[in-house]
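**Q** Sequence isn't available, so here's the structure alone:
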């Protein structure tokens, strides 16, 4: 009897503790930090670098873009707008880019922005003096010139119609020459907010740039980015009023939609299921199309994103603006009979067995895979799910191209060229092993095409080819859902990762 | 007679066996019948609360949670049975040889066992799964290896105590082989603490399988596993709490059942702990 008594004791203690914990977490404090003019934003992880030329992670730029500006800036609709360059001209041969540098801009340390700083920033990226380039985006540059104190000229070796997209702070932030060697410890830029402090695994604090070149901005005095890897904790902090902007999983929207303002950001990502087109099974376009017809995208969106996603039909998201080719998301509407027919034509009337290899780092992939497995079962394809670590996925599947099928999402970039250049036959990252002559041909054409209308036409045709050839099963561009303190206004959504806080303010 | 009457009074035995019996029945039934196909999705009806149609509700894909719990029993028992079998066979063999022969064999074997013991079991299992890949069979083998040292130690102490007993001496004098002495004479006399250890190992293996599946290393989706269900349900703790309760309660009950049963076996078989 004593043992069972002891067992009951333990169980009841656990129960009491559980109730206590859940009671604590349920509390909703009203003591928000917004009595003064500051804001607290949840970021999943630490930045990889504070030096914008070294940083690569998109979550880093989510924060850093408040400190740094580039010559241009990607706007909310995906188009490029002038930033530190007031104006630019491209020569007819597409080789010379002439920028007029904005006047009256000062760095956070009080120094005025000069063309030397611009030249220095590009030299640093290209490794002109060190011999070690920090970025490969500018390998195509033949020379940089500063004919006068407000003009900056870039000359390319070969025309590249996508070149302008490299000139935002994401790829080439403008940093002051006087801060050489200290960009990571003491970041200085021209942005709306200046660096205050960084404590690893805790937070990054920015404060208002009083001399910001956009008159009257920013409104906030202080911005704190708090690093919180755990979604649950972040949500609780939001509910407790400790944080003002937090991303919320789609399945938890119902818990926050009443008390908070929700913003749905089209993440400009492309979630797809790829197949290795070097494997015999998938060399046959009929098999690829059959798989496309088998998959029910609506079910996937409902199961994995609770409906908060946009269906895709090719490797581009509507967030890309006018290069996006509309109306392809239902090209392969689920049609089991047609899928079976195509499989039978290809000689696989009885189906076949295959493996879907996915990474374990996000539940998303497993969720999507489970729906796909059920869909494929209906047309007689028996797919097994193989979950591997992210490192293994990168090495074996992405680089080694040793897989049958996989599910992955690509985060958006501003350049339409970059978005789809992985399908070029000999691209390093063409892990689909996709090969199409027309595609390769058009891709090299679009680079030298200077007419923007013609560029759009080519990009749209390129998206059509991917769909026609069933280069992959294009699933969805999922939304990132931000829950905001309802007193905030002026938060803008971009087609890339950027918490633009310059125009954010409290309504009362 | 006195012993038998004692069984009846042992409340641990009654509750423990009732729980395990119920789960066992559930598993056997699940081979022939589940209310719904375990992997069949019905996304329009996702996250339904418990009702007469879906006893335990539905998960985020609209799959029937009760059916998945039922089939999850197979996973739990498979992992438990395979790993305990591995633990028992190798544990008793290693411990038996070590205890019976003694001397340098004992020294070498026990130092290796010590080293294995020093290694936290779940870390060992994690390492093996990382090396040989995830999945139900590999998980079972890893957990089986994890169970060997504990059982080997208990077996060794039993064999060590009995090897100089009179009945063993007698058997030796009759010229029986060591193998026969160990299996026919000593083992039946030292088996009860081993059974206690094995039933605890069973519970530990099930719990570890749930843990590994929770970490995404055990049973692979879409096949149901309680640990994985627990993990998947975690995001719906507020919006669909029943999803978490079902696997949570079943895991707790199952482990409780095994502990109660092993306590009972120990009470019954060990005269000193009997009241």
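**A** Noted; the coordinates are in hand. Since this is a predicted model, take the numbers as computed values, not measurements. Residues are numbered from 1 along each chain as shown, chains lettered A, B, ... in the order given.
**Q** Would you point out which residue is most central in the chain?
**A** This is for chain A. residue A:411 (3.6 Å; CA atoms, centre = their mean).
**Q** wait, I meant chain B there
**A** For chain B, the residue sitting closest to the mean C-alpha position, by CA atoms, centre = their mean, is residue B:202 at 1.3 Å.
**Q** Make sure that residue is actually in contact with residue B:261.
**A** No: between residue B:202 and residue B:261 there is no contact under CB atoms under 8 Å: 9.2 Å. No exception for glycine: its C-beta is placed from N, CA and C like everyone else's.
**Q** what's the distance between the closest residue to residue A:214 other than its chain neighbours and residue B:16?
**A** Computed as CB to CB, 6 or more residues apart in numbering or on different chains, the closest residue to residue A:214 that is not its neighbour in sequence is residue A:502, at 6.8 Å. Distance from residue A:502 to residue B:16, counting by CB to CB, to the nearest Å: 65 Å.
**Q** cool, residue A:389 as well?
**A** Counting by CB to CB, the gap from residue A:389 to residue B:16 is 39 Å.
**Q** between the two, who's got more neighbours?
**A** Neighbours per residue (other CB atoms under 10 Å in any protein chain shown) separate residue A:389 from residue B:16, with residue B:16 holding more: 23 against 16.
**Q** Pull out the buried residues from the lengthiest helix in chain B.
**A** Secondary structure of chain B read by DSSP state H shows that its longest helix is helix B:65-101. Residues of helix B:65-101 classed as buried under the neighbour-count rule (16 or more other CB atoms under 10 Å in any protein chain shown) are B:65-80, B:82-84, B:86-88, B:90-92, B:94-100.
**Q** now stretch A:100-108
**A** For stretch A:100-108, burial by neighbour count (16+ other CB under 10 Å) applies to A:101-102, A:105-108.
**Q** and if you look at stretch A:105-124?
**A** So for stretch A:105-124, counting by 16+ other CB under 10 Å, buried means A:105-108, A:113-115, A:117-124.
**Q** Likewise for stretch A:406-419?
**A** Residues of stretch A:406-419 classed as buried by neighbour count (16+ other CB under 10 Å): A:406-410, A:412-417, A:419.
**Q** ditto for stretch A:290-302
**A** Residues A:290-297, A:299-302 are the ones in stretch A:290-302 that count as buried (16+ other CB under 10 Å).
**Q** need these in TSV with secondary structure and distance to chain B, can you?
**A** As requested, these are exported to TSV (DSSP: H, G, I helix; E, B strand; the rest coil; distance: CB to the nearest CB, whole Å):
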residue	secondary structure	distance to chain B
A:290	helix	20
A:291	helix	18
A:292	helix	19
A:293	helix	18
A:294	helix	14
A:295	coil	13
A:296	coil	8
A:297	helix	12
A:299	helix	5
A:300	helix	9
A:301	helix	9
A:302	helix	5
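**Q** Just put those residues in TSV and tack on pLDDT.
**A** Below are the buried residues of stretch A:290-302 laid out as TSV (pLDDT from 0 to 100):
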residue	pLDDT
A:290	92
A:291	92
A:292	92
A:293	93
A:294	92
A:295	92
A:296	92
A:297	92
A:299	90
A:300	91
A:301	91
A:302	89
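**Q** still on that earlier bit, who's in contact with the residue nearest to the centre of chain B?
**A** B:80-81, B:84, B:258 (CB atoms under 8 Å, 6 or more residues apart in numbering or on different chains).
**Q** Pick out the most distant pair among those residues.
**A** B:81 and B:258 (12.5 Å; CB to CB).
**Q** I'd like the mean pLDDT over stretch A:340-356, please.
**A** Across stretch A:340-356, pLDDT averages out at 90.
**Q** Check which residues of that stretch are buried.
**A** Residues of stretch A:340-356 classed as buried by neighbour count (16+ other CB under 10 Å): A:340-344, A:346, A:348, A:351-352, A:354, A:356.
**Q** Same question for stretch A:171-189.
**A** A:171-177, A:179, A:183, A:187-189.
**Q** before we move on, what about stretch A:212-220?
**A** Result for stretch A:212-220 [16+ other CB under 10 Å]: buried residues A:212-213, A:217-220.
**Q** In strands, which of the residues you listed appear?
**A** Per DSSP state E, strands hold no members of the buried residues of stretch A:212-220.
**Q** Can you list which of those residues are found in helices?
**A** Short answer: the buried residues of stretch A:212-220 have none in helices (DSSP H).
**Q** out of the residues you listed, who's nearest chain B?
**A** In terms of CB to the nearest CB, no member of the buried residues of stretch A:212-220 lies closer to chain B than residue A:220, at 31.0 Å.
**Q** Okay, the closest one and residue A:500: tell me how far apart.
**A** Per CB to CB, residue A:220 is found 12 Å from residue A:500.
**Q** Could you do residue B:43 as well?
**A** Going from residue B:43 to residue A:500 by CB to CB gives 35 Å.
**Q** cool, residue B:122 as well?
**A** 45 Å.
**Q** Show me which residues of the stretch 101-250 of chain B are close to chain A?
**A** B:134, B:216, B:220-222, B:232, B:234-236, B:238-239 (CB under 8 Å from any CB of the partner chain).
**Q** Ignoring the adjacent residues along the chain, who's closest to residue A:430?
**A** Nearest non-adjacent residue to residue A:430 (CB to CB, 6+ apart): residue A:422, at 5.3 Å.
**Q** Could you pull up the contacting residues of the one you found?
**A** Residues near residue A:422 by CB under 8 Å, 6+ apart: A:429-432.
**Q** Closest one to chain B out of those, please.
**A** Nearest to chain B among the contacts of residue A:422: residue A:431, at 21.3 Å, using CB to the nearest CB.
**Q** where does the closest one land in three-state SS?
**A** Using DSSP: H, G, I helix; E, B strand; the rest coil as the criterion, the local structure at residue A:431 reads coil.
**Q** My guess is it contacts residue A:397. True?
**A** Yes: with contact defined as CB under 8 Å, residue A:431 counts as touching residue A:397 (6.8 Å).
**Q** quick one: the helix or strand hosting residue B:28 to helix B:65-101, angle?
**A** According to DSSP states H and E, residue B:28 maps onto helix B:11-32. Inter-element angle recorded for helix B:11-32 and helix B:65-101: 120 degrees (by axes from the mean of the first three to the mean of the last three CA atoms, to 10 degrees).
**Q** tell me the average confidence for stretch A:421-435?
**A** Rounded mean pLDDT across stretch A:421-435 is 88.
**Q** now swap in stretch B:211-226 and tell me
**A** In this model, stretch B:211-226 has an average pLDDT of 81.
**Q** quick one: residue A:57 and residue A:47 touch, right?
**A** Yes: contact between residue A:57 and residue A:47 holds when scored by CB under 8 Å: they sit 6.8 Å apart.
**Q** And residue A:271, its phi and psi?
**A** The phi and psi torsions at residue A:271 (degrees, to the nearest 10) take the values phi -90, psi 130.
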